[in-house]
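S.K.: My questions concern the predicted model and sequence given below.
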Amino acid sequence: MNTMPDNQEPILNKEEENLTIQSPLLKLKRWKWWLLVVINIFFLLAGQAAAVLLGRFYYDQGGNSKWMATLVQTAGFPILFIPLFLLPSNKEDSALPTSPSIITLGLVYFVLGAVIAGDNMLYSVGLLYLSASTYSLICATQLAANAVFSYFINSQKFTALILNSVIILSLSAALIAVNDDSETPSGVAKGKYIIGFLCTLGASILYSLLLSLMQLSFQKILKKETFSVVLEMQIYTALVATIVSIIGLFASGEWKSLHGEMDSFGKGRTAYVLTLVWTAVTWQVCSVGVVGLIFVVSSLFSNVISTMSLAVTPIASVIIFHDKMNGVKIIAMLLAFWGFASYIYQNYLDDIKIRRSQANINETRHDLPC
């Protein structure tokens, strides 16, 4: 069996057999593992909150290009070469006989990148035709969808704490969504509204499937446990998604309106460029957190944190845009932190269980006669 164990899953298939496989993550001290988790959570929450706020700013100031909104979600990937080159290479890991071929890697990155581009486009279309409340409510379904995909694809077994986390976070996101006072955007026909609804629902389901497929790629194809692998996954899939988005931008003819969009931007041409640049950067920070959590923990945990950000983002909105913070938003954020704490505690219990099992196996090996 060549499958690398997913170290932080609650219960794994053939758990005792998998625990006999040495893993660099298991060799980490507990505080180092939790430090990796916290860093990736920060990247996801901060990156997604900033990206969403900048996206709102782009539309509020007159931006209306769907393909440009899609492009900036992946176009910032070159900045990830900086930490990739700074990280020390592991020659022993790169020389493993189980390393996939270039063709296999290329196929994996191409498929995932194309799916990411399509998913980003679906989200852009959905946000264009739906109100913020409806959009957020539909996006909250991605956590439930990912729970299903994680169960069937990644052998994620549910516990009471995980189920509690999924339900509470979904309720939190839904509560914020229905609290929004806006209805359907003005001037949007019923047909386009249905298109927006279906696109957002499809994007949420596709995003959940994408997270599970990424986790499966780490386990069964890449079979390496270094942060360089996380960066490479993000860089090459983003490269493919960016190429697809650029092709879509020119094929649709939207590129012709970009100059006029820049001239009519509410805050000026410079603000238009800076908005797009920083949106691209923050989406990459968010993506590193997403992929990093899939790598270190699981796809379901990554989606839990992503859904939690739907409740955290209003805090940033209050600080930056001076939005009103009412009782419903406060309750929703408290629910989000409750669900987050439930999942963190479950992973803490899993961490203790797996490390104790690994320690017992190592002790048994030492006791065996040579």
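M.R.: Okay, I see it.
S.K.: use CA for all of it now, contacts and neighbours both
M.R.: Will do.
S.K.: residue closest to the middle of the protein?
M.R.: Val290 (3.5 Å; CA atoms, centre = their mean).
S.K.: I'd say it and Ser302 touch.
M.R.: Yes: between Val290 and Ser302 a contact is recorded at 5.7 Å, counting by CA atoms under 8 Å.
S.K.: Please work out how many residues are found near the nearest residue to Ser65 once chain neighbours are set aside.
M.R.: Computed as CA to CA, 6 or more residues apart in numbering, the closest residue to Ser65 that is not its neighbour in sequence is Glu254, at 6.7 Å. By other CA atoms under 10 Å, the residues close to Glu254 number 15.
S.K.: And Asp351, by the same measure?
M.R.: Asp351: 20 surrounding residues under other CA under 10 Å.
S.K.: same check, this time on Ser217
M.R.: By other CA under 10 Å, 18 other residues sit near Ser217.
S.K.: now do Ile102
M.R.: Ile102 - counted by other CA under 10 Å - has 9 other residues nearby.
S.K.: ok, it - contacts?
M.R.: Neighbour list for Ile102: empty [criterion: CA atoms under 8 Å, 6 or more residues apart in numbering].
S.K.: In the chain, spot the helix with the most residues.
M.R.: helix 327-367 (DSSP state H).
S.K.: Summarise which helices and strands that one is packed against.
M.R.: In terms of contacts (3 or more CA pairs under 8 Å, 6 or more residues apart in numbering; DSSP states H and E), helix 327-367 is packed against helix 15-19, helix 160-179, helix 299-320.
S.K.: now do 10 Å
M.R.: Contacts defined by 3 or more CA pairs under 10 Å, 6 or more residues apart in numbering; DSSP states H and E place helix 327-367 against helix 15-19, helix 24-27, helix 30-60, helix 160-179, helix 299-320.
S.K.: Quick check: end-to-end length of stretch 151-170?
M.R.: Chord length of stretch 151-170, first to last residue, is 18 Å (CA to CA, to the nearest Å).
S.K.: Quick check: mean pLDDT of it?
M.R.: Across stretch 151-170, pLDDT averages out at 79.
S.K.: ok now it, how far from the chain's centre?
M.R.: 17 Å (CA atoms, centre = their mean, to the nearest Å).
S.K.: Could you give me the buried positions within that stretch?
M.R.: Asn154, Ser155, Gln156, Leu161, Ile162, Asn164, Ser165, Val166, Ile168, Leu169, Ser170 (16 or more other CA atoms under 10 Å).
S.K.: okay, and the common contacts of Val290 and Ser302?
M.R.: Shared contacts of Val290 and Ser302, defined by CA atoms under 10 Å, 6 or more residues apart in numbering, comprise Asn40, Ile41, Leu44, Leu211.
S.K.: On the pLDDT front, check Tyr58 for me.
M.R.: Looking at Tyr58, its pLDDT stands at 85.
S.K.: And Gln284, by the same measure?
M.R.: On the pLDDT scale, Gln284 gets 88.
S.K.: in the stretch 51-200 of the chain, which ranges drop under the pLDDT threshold?
M.R.: 87-98, 131-134, 136-137, 140-141, 173, 176-188 (pLDDT under 70).
S.K.: what about 90?
M.R.: Applying pLDDT under 90 to the stretch 51-200 of the chain picks out residues 51-64, 79-102, 123-198, 200.
S.K.: try the stretch 201-350 of the chain
M.R.: Using pLDDT under 90, the flagged stretches of the stretch 201-350 of the chain are 201-202, 204-205, 207-208, 211-212, 214-234, 266-267, 284, 286-350.
S.K.: right, and the helices and strands packed on helix 327-367 - which one's nearest Pro100?
M.R.: Pro100 lies closest, by CA to CA, to one member of the helices and strands packed on helix 327-367: helix 24-27, at 18.9 Å.
S.K.: about what we covered before: so the residue nearest to the centre of the chain is in which element?
M.R.: Taking DSSP states H and E as the criterion, the element that holds Val290 is helix 269-296.
S.K.: Which elements pack onto that helix?
M.R.: Helix 269-296 makes packing contacts with helix 30-60, helix 66-71, helix 190-217, helix 227-252, helix 258-263, helix 299-320 when contacts are defined by 3+ CA pairs under 10 Å, 6+ apart.
S.K.: would you list those in TSV and tack on distance to Leu122?
M.R.: Shown next, in TSV, are the helices and strands packed on helix 269-296 (distance: least, CA to CA, whole Å):
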stretch	distance to Leu122
helix 30-60	15
helix 66-71	9
helix 190-217	5
helix 227-252	12
helix 258-263	20
helix 299-320	18
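S.K.: Of all those helices, which one is nearest Arg356?
M.R.: Counting by CA to CA, Arg356 lies closest to helix 30-60 out of those; the figure is 11.8 Å.
S.K.: so how far is the closest one from its chain's centroid?
M.R.: In terms of CA atoms, centre = their mean, the centre of helix 30-60 is found 10 Å from the chain centre.
S.K.: Sweet, I'm off.
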